[in-house]
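> How does the following fold in three dimensions:
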Amino acid sequence: MNNNTAASFEHLLKLAESLPTPNSEIEREVCWCELSSTIGFSRQVNGSIELFLCGDELRTASPLVKRHMRYDQWSRTTGGLFRANRLVFPADEHYTAATAFLAEELLRRDAVTSLQNGFTLTEPLVEMMLRRTALSEEELLGLIGELRFLEVLLSVASDESKKALALDAWRGHEQTSRDFVLSNAFVEVKATRGERSLHQISSLMQVDPRRSEVDQPLEELHLLSLGFKPVLSSEDQTVIISLPDQVNVVLKQLGGATTKEKRNALQNLFLSKVESYGTVAGHGYVHDEMQNWAAYRSGWQHGFLRIYDMSDDAVKVLRRSDLRRRGHVVFESVRFTIDLPDRVTGELNPQNDLFALAKKLLS
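Down below sits the predicted model:
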């Protein structure tokens, strides 16, 4: 570990750019920004850059920052232990400069003397960086939900051609109106951490099937509503879902080997789709680089699963026919929230058999 007294941005940037890559996930070569070894940089095996903040566990005001912060213990090669808060950013070159800037700001805020106070004053900058580097919680749950349905589709695929069809059906990463497209049947996936099917709708096409001139549905449209609960205790024995684990499940369904060097074409296509998810708002999930990030390792439990038939007239949502009577409204501009009941039409709507839906769509 190197100790350095200079704190200019230029010096910190050179320090960050010179970081070596460790030999394993459990090793780090930390380059400290000042003599007290409070603020430091390191690299992960995959090239991601980390910011070490040594001392007591930091309190965070931002839920986003809290989700990305990890606090753990490390041993020095020279002997002794230390505890550190860690934030990780992508391997992209411009994040190296941004991390050096954060370190400079922390030093300017005298974080060496009072780590908590210096971090509190700098946290808005940290949050701003994280918004450009990772999926929001809403995007994270949305992606997990879509991959859960993709997993079910692949599980009922009878051969490689059906698997390719299932993967091609997944369009959620394209920012289109429908998340899954199979011939004339569509599935829109909505996920929430609440108890109700309360979802944001960004387009009428997400909830209203195309209709004939006499208002008859011309397509199947299902809304898959999924509820998730955060895992609050490591002692919880229920099934725990995380984004990296879910990605690995789908990778194994698409091919035997999941290591980077042995993946097949379908696996590589799948990972490129995952990486594209949510990139309108920020940096996508790059599995090989980010699977060990604290923000993505957090676990979730299944809450509820409801499959709504959106052609059912008993589903009282806003439809295009409603807006046609308001001729001065542009359909594409309409955004709203739906709150669907547990039961719409007896035992018929919603359904809860995801495998039955998958078999029907792939038949």
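> Could you look up the next helix or strand downstream of the lengthiest helix in the chain?
Selection of the longest helix in the chain by residue count, based on DSSP state H, yields helix 137-156. The helix or strand immediately downstream of helix 137-156 is helix 160-169, counting by DSSP states H and E.
> Confirm residue 258 sits in a strand?
No - in this structure, residue 258 is coil, not part of a strand, as judged by DSSP: H, G, I helix; E, B strand; the rest coil.
> so which strand or helix has residue 228?
Going by DSSP H and E, residue 228 is part of strand 220-230.
> and if you look at residue 96?
Counting by DSSP H and E, residue 96 is part of helix 93-108.
> Could you list the buried residues of that helix?
95, 96, 98, 99, 100, 101, 102, 103, 104, 105, 106, 107 (16 or more other Cβ atoms under 10 Å). Every residue, glycine included, has its C-beta placed from N, CA and C.
> from the residues you listed, which is closest to residue 71?
Closest to residue 71 out of these is residue 106 (16.5 Å), distances taken as Cβ to Cβ.
> What residues does that closest one make contact with?
39, 53, 118, 119, 122 (Cβ atoms under 8 Å, 6 or more residues apart in numbering).
> And for residue 286?
90, 275.
> Model confidence score at it, please.
With respect to pLDDT, residue 286 has a value of 92.
> what about it, distance to residue 278?
Distance, residue 286 to residue 278, using Cβ to Cβ, to the nearest Å: 12 Å.
> for residue 131, same thing?
Residue 131 is 11 Å from residue 278, by Cβ to Cβ.
> Which strand residues bridge residue 185?
Note on residue 185: beta-bridge partners by DSSP bridges are residue 182, residue 220.
> got the domain boundaries for the chain?
Here the domain parsing of the chain from automatic domain parsing is 9-131, 137-362.
> Now stretch 66-74: average pLDDT?
Average pLDDT, stretch 66-74: 94.
> what's the answer for stretch 347-362, then?
Here the average pLDDT along stretch 347-362 is 96.
> what do you get for stretch 334-341?
96.
> Now the residue positioned nearest the centre of the chain: closest residue in space that isn't a chain neighbour?
Taking Cα atoms, centre = their mean, the centroid of the chain lies closest to residue 140, which sits 2.8 Å from it. Distances taken as Cβ to Cβ, 6 or more residues apart in numbering put residue 243 closest to residue 140, at 6.2 Å, once the chain neighbours are dropped.
> ranges for the helices of the stretch 201-350 of the chain?
Along the stretch 201-350 of the chain, counting by DSSP state H, counting those that start in this stretch, helices occupy 243-254, 265-276, 287-290, 294-297, 320-324.
> With distance to residue 212 added, can I get those helices in TSV?
Output for the helices of the stretch 201-350 of the chain, formatted as TSV (distance: least, Cβ to Cβ, whole Å):
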stretch	distance to residue 212
helix 243-254	37
helix 265-276	33
helix 287-290	43
helix 294-297	44
helix 320-324	12
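> Export these as TSV, with columns for mean neighbour count and distance to residue 231.
Output for the helices of the stretch 201-350 of the chain, formatted as TSV (neighbours: other Cβ atoms under 10 Å; distance: least, Cβ to Cβ, whole Å):
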stretch	mean neighbour count	distance to residue 231
helix 243-254	19	12
helix 265-276	18	22
helix 287-290	18	19
helix 294-297	18	11
helix 320-324	13	40
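> For residue 46, find the nearest of the ones you listed.
Of the helices of the stretch 201-350 of the chain, nearest to residue 46 by Cβ to Cβ is helix 287-290, at 4.5 Å.
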